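S.K.: Quick one, what's the 3D model for this:
(one chain, ligands or ions: 1)
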Amino acid sequence: MEVIISQDPSSASILAARLIAKLVKIKPHAVLGLSTGSTPGDLYKELIRMHQAEGLDFSRVRTFNLDEYIGLPPDHPASYHSFMMKNFFRDVNIPHGNIHIPDGLASDVSSHCEAYEQAIRDAGGIDLQILGIGSDGHIGFNEPGSSLASRTRIKTLTPGTREDNARFFGKPEDVPHHVITMGIGTIMESRTLALLAFGEGKAKAVGGAVEGAISASNPATVLQLHPNAKIYLDEPAASSLERIDYYKWVFQNKPAWQADL
Ligand code: PGA
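M.R.: Numbers count the residues shown, from 1 in each chain. As a prediction, the model looks like this:
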């Protein structure tokens with residue numbers, strides 16, 4: 001695990017965007033795993049800036065989003081289809097056919113989930129998966145208790161997550177109870193993981209994820225088993241880490257040949 005602590009969300013997001021840009025330049029047909037929520041906003045803004053100002057080319061990139069609410073049509077303002085269109089896809093040149101987001105209206109959810117897994121395999125697997133973390137440690141929508149080997153499937157949100165996400169909906173009771181999410185096993189097969197977490201509200205979950213015992217009770221702890229997981233934090237999100245000085249020292253003293261930022 002590489003823990004990278006920046007002053008603020010914007011500088012952390014720029015570092016994560018550089019990692020993605022580097023991948024896309026080396027491998028123009030890279031497969032990106034994408035996430036939604038408040039956290040990746042600055043990251044998408046920086047990637048859009050790189051596309052518009054520096055010509056970063058996404059024309060061969062394929063994408064798979066982590067999750068979607070069940071029951072929301074793609075054009076619902078709180079759907080993750082809408083989020084992605086508004087915050088990223090409409091401003092970069094990823095062909096529509098290269099974009100994959102679970103279908104919240106799928107009539108046969110299990111077949112849809114199997115097909116989603118197959119589409120990821122057919123694309124050659126995910127090269128880099130962007131992740132956020134819930135205040136309860138969820139990744140994707142894999143709530144505490146999710147099997148660490150789980151695959152894309154239906155999940156029921158916890159009341160806490162419904163509350164956390166109520167800000168995207170008119171009324172808290174409008175937050176759907178069910179979602180389709182990539183499983184933890186699916187996420188772990190990605191070649192690189194880049195988890196972003198900002199703000200004090202994430203400090204406890206981040207502390208557990210990075211330094212706690214691996215447990216389905218804090219799904220993000222599974223990242224400790226991944227050979228290439230990068231954790232981008234701002235100072236408040238890093239505030240409960242015991243080895244914070246060591247992580248900063250490691251980053252400041254990275255050998256030049258190893259630096260990918
Ligand atoms: P947030 O959500 O970015 O809106 O905080 C993260 C998550 O729930 O994974």
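S.K.: okay, CA-based contacts and neighbour counts for the rest of this
M.R.: Noted.
S.K.: Confirm that V3 sits in a strand.
M.R.: Yes. Assessed with DSSP: H, G, I helix; E, B strand; the rest coil, V3 lies in a strand.
S.K.: who does it bridge with?
M.R.: I231 (DSSP bridges).
S.K.: Pretty sure it sits against Y246.
M.R.: No. With contact defined as CA atoms under 8 Å, V3 does not reach Y246; the gap is 9.5 Å.
S.K.: So between those two, which is more surrounded?
M.R.: The neighbour comparison of V3 against Y246 (other CA atoms under 10 Å) goes to V3, with 20 against 11.
S.K.: mind checking pLDDT for the more buried one?
M.R.: On pLDDT, V3 comes in at 98.
S.K.: How about R151?
M.R.: pLDDT at R151 comes out at 98.
S.K.: same check, this time on the one 10 residues further on
M.R.: What the model reports as pLDDT for T161 is 93.
S.K.: Shouldn't it be within a helix?
M.R.: Yes. Counting by three-state DSSP, T161 falls inside a helix.
S.K.: Ignoring the adjacent residues along the chain, who's closest to it?
M.R.: G134 (7.4 Å; CA to CA, 6 or more residues apart in numbering).
S.K.: show me where the chain has strands.
M.R.: Taking DSSP state E to define them, one finds strands in the chain at 2-6, 31-34, 62-65, 67-69, 99-100, 128-131, 153-156, 178-181, 192-197, 229-234.
S.K.: can you redo those strands as CSV with distance to the ligand?
M.R.: Shown next, in CSV, are these (distance: least, CA to the nearest ligand atom, whole Å):
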stretch, distance to the ligand
strand 2-6, 17
strand 31-34, 11
strand 62-65, 12
strand 67-69, 10
strand 99-100, 18
strand 128-131, 7
strand 153-156, 14
strand 178-181, 11
strand 192-197, 7
strand 229-234, 12
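S.K.: how distant is the longest helix anywhere in the chain from the center of its chain?
M.R.: Using DSSP state H, we find that the single longest helix of the chain is helix 9-26. Chain-centre distance of helix 9-26: 14 Å, with CA atoms, centre = their mean, to the nearest Å.
S.K.: Just the pLDDT for the closest residue to N218 other than its chain neighbours.
M.R.: Leaving aside its chain neighbours, N218 sits nearest to G137 (4.9 Å; criterion: CA to CA, 6+ apart). On the pLDDT scale, G137 is placed at 96.
S.K.: Give me the number of neighbouring residues for G137.
M.R.: Residues contacting G137 under the criterion other CA under 10 Å number 25.
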